[in-house]
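Asks: Generate coordinates for the sequence data below:
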Amino acid sequence: MPNSNAPRVAYRNARLLDPASGLDQRGDLLTEGAKIADFGPSLFADGVPEGIEVVDLQGQCLAPGLVDMRVLIGEPGEEEKDTIKSASRAAVAGGITAVVLLPNTDPVTDEVASLEFIARRAREVRLVKVFAYAAATRGTEGNEITEMGLLSRAGAVAFTDGTKAIASAKAMRRALSYARTFDKLIVQHPEEPSLASGGMMNSGERATRLGLVGIPREAEIIMIERDLRLLELSGGRLHFAHVSTGESVDLIRRAKARGLKVTCDTAPHYFALTETDVGDYRTFAKVSPPLRGEMDRRAIVEGLADGTIDAIASDHTPQDQDQKRLPFAQAACGVIGLETLFPLTLELVHKGAMPLLKALACVTVKPAELLGLPLGRIAKGAPADLIAFDLDVPWKVDVAAFKSKSKNSPFEDRPVQGRPLRTVVDGRTVWQFEG
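Replies: Next up, the predicted model:
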């Protein structure tokens with residue numbers, strides 16, 4: 001039954017976009033409390049009833065809020081980098097209504113108490129919806145499998161060692177088998193550690209010229225080949241995070257064709273940047289896996305366009321000044337991404353690489369479905385998690401204005417097109433653009 005006391009908001013004159021159903025039409029949308037009550041082109045043909053707040057979007061787009069499936073923050077343990085509060089503020093400013101946190105904190109998220117801490121902090125902040133991965137192995141050390149059953153019941157949406165690869169084939173096989181019992185995804189950082197150890201950027205001529213130790217593409221490719229074999233052996237569901245090479249995409253494409261339950265995501269820096277953006281030792285372009293060459297960048301775009309790559313995640317990895325303003329060899333890996341995920345995804349649309357609904361699916365319904373979250377859709381009764389945005393407005397990335405505590409972005413001053421105007425979580429406007 002509708003709750004007559006729940007606040008109701010009518011979003012009028014919107015371009016309604018729902019990647020899950022293919023909806024793209026002019027119309028209105030009504031939220032009632034935390035849910036979408038109704039929507040359509042003739043919803044308020046006879047006018048808006050009294051008692052309903054009206055938001056006139058004047059033809060701007062209204063879509064499901066973004067679901068960012070790969071976010072690292074510093075809380076607990078390194079709060080100077082980012083906290084749940086600062087990351088939540090950054091997320092809603094980027095049109096993100098749900099984030100999934102990696103377990104690489106201090107302490108590691110490998111116990112029920114850690115999941116309870118995250119849930120409690122998210123309730124206190126009350127901005128973005130916060131979900132969490134649990135570690136696949138204790139301490140993310142790659143040896144003993146965590147108590148996946150207990151962690152699943154406590155709210156873990158999937159299992160991963162986050163920024164670390166599960167290097168042991170035996171541990172990966174056990175993780176896949178155990179997670180299968182609970183129908184949970186295993187998320188792998190696909191980088192063979194012994195090949196990547198000591199590396200600083202993509203192997204090749206540029207690394208040699210800069211005098212930097214390279215990380216070969218094969219470090220990623222070999223790990224994906226191995227884990228696909230283990231998936232065939234063990235069953236389960238396997239997801240590769242932030243794929244960065246064309247051959248990785250080919251391997252996953254062929255595995256999907258064979259019927260394996262494998263999925264993958266990439267991050268904007270792997271389709272928007274290349275190794276040339278390292279320039280003269282730009283530490284803000286030091287990431288893991290490293291930025292690749294132009295052919296790999298194009299292959300990532302092709303993988304997104306043909307659906308081999310299922311989702312786009314920000315791969316938000318905040319690092320403070322002390323860890324980035326160092327010689328390249330000593331600088332930490334990672335870039336912030338919560339406030340650039342959306343405009344960089346729209347670059348694919350504006351450059352003709354993907355249609356709008358397909359690009360939006362990669363940051364809404366697809367990551368939600370991968371993790372079993374009932375989010376990312378415009379549908380009656382669905383959560384009222386929404387983003388209103390201007391598809392075409394040009395602007396330049398201004399990192400100083402970002403809400404994240406850390407400012408390690410390689411996209412400073414990049415011209416982009418399209419930006420969020422309003423972010424709604426559970427029917428509440430939690431952020432509005434003030435320009």
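Asks: Does Gln25 belong to a helix, a strand or coil?
Replies: Secondary structure state of Gln25, per DSSP: H, G, I helix; E, B strand; the rest coil, is strand.
Asks: for it, what are its contacts?
Replies: Contacts for Gln25 (Cβ atoms under 8 Å, 6 or more residues apart in numbering) come out as 15-16, 41. Backbone N, C-alpha and C define where each C-beta goes, glycine included.
Asks: let's go with 6 Å and repeat that
Replies: If a contact means Cβ atoms under 6 Å, 6 or more residues apart in numbering, then Gln25 has 16, 41 as its contacts.
Asks: go on, the one 4 residues further on?
Replies: Going by Cβ under 6 Å, 6+ apart, Leu29 touches 11, 39.
Asks: and it, backbone torsions?
Replies: phi -140, psi 140 (degrees, to the nearest 10).
Asks: So what sits opposite it in the bridge?
Replies: The partner list for Leu29 in beta bridges (DSSP bridges) reads Tyr11, Phe39.
Asks: Give me the pLDDT for it.
Replies: Note on Leu29: pLDDT of 98.
Asks: For Ser234, give its distance to Phe159.
Replies: Spatial separation of Ser234 from Phe159 under the definition Cβ to Cβ, to the nearest Å is 14 Å.
Asks: no no, Pro64
Replies: Computed with Cβ to Cβ, the distance linking Pro64 and Phe159 is 26 Å.
Asks: neighbour count winner among these two?
Replies: Between Pro64 and Phe159, Pro64 has the larger neighbour count (other Cβ atoms under 10 Å), namely 30 against 27.
Asks: Could you pull up the residues touching the more buried one?
Replies: Contacts were defined as Cβ under 6 Å, 6+ apart; by that measure Pro64 touches 364, 376-378.
Asks: Now do the SS call for Leu176.
Replies: Relying on three-state DSSP, one would call Leu176 helix.
Asks: Counting neighbours, what do you get for it?
Replies: Residue crowding around Leu176 was assessed by other Cβ under 10 Å; the count is 25.
Asks: Give me the pLDDT value at it.
Replies: Per-residue confidence for Leu176 comes out at a pLDDT of 98.
Asks: from what I can see it touches Arg237, true?
Replies: No. With the criterion set as Cβ atoms under 6 Å, Leu176 and Arg237 do not qualify as a contacting pair; they are 8.0 Å apart.
Asks: what about Pro318, distance to Arg126?
Replies: From Pro318 across to Arg126, the span is 21 Å (Cβ to Cβ).
Asks: Tell me which of these two has more neighbours.
Replies: The neighbour count for Pro318 versus Arg126, taken as other Cβ under 10 Å, is higher for Pro318 (30 against 13).
Asks: show me the contacts for Asp265.
Replies: Each residue near Asp265 by Cβ under 6 Å, 6+ apart is listed here: 241, 311, 313.
Asks: May I ask you to confirm that Arg206 belongs to a helix?
Replies: Yes. With the criterion set as three-state DSSP, the secondary structure at Arg206 is a helix.
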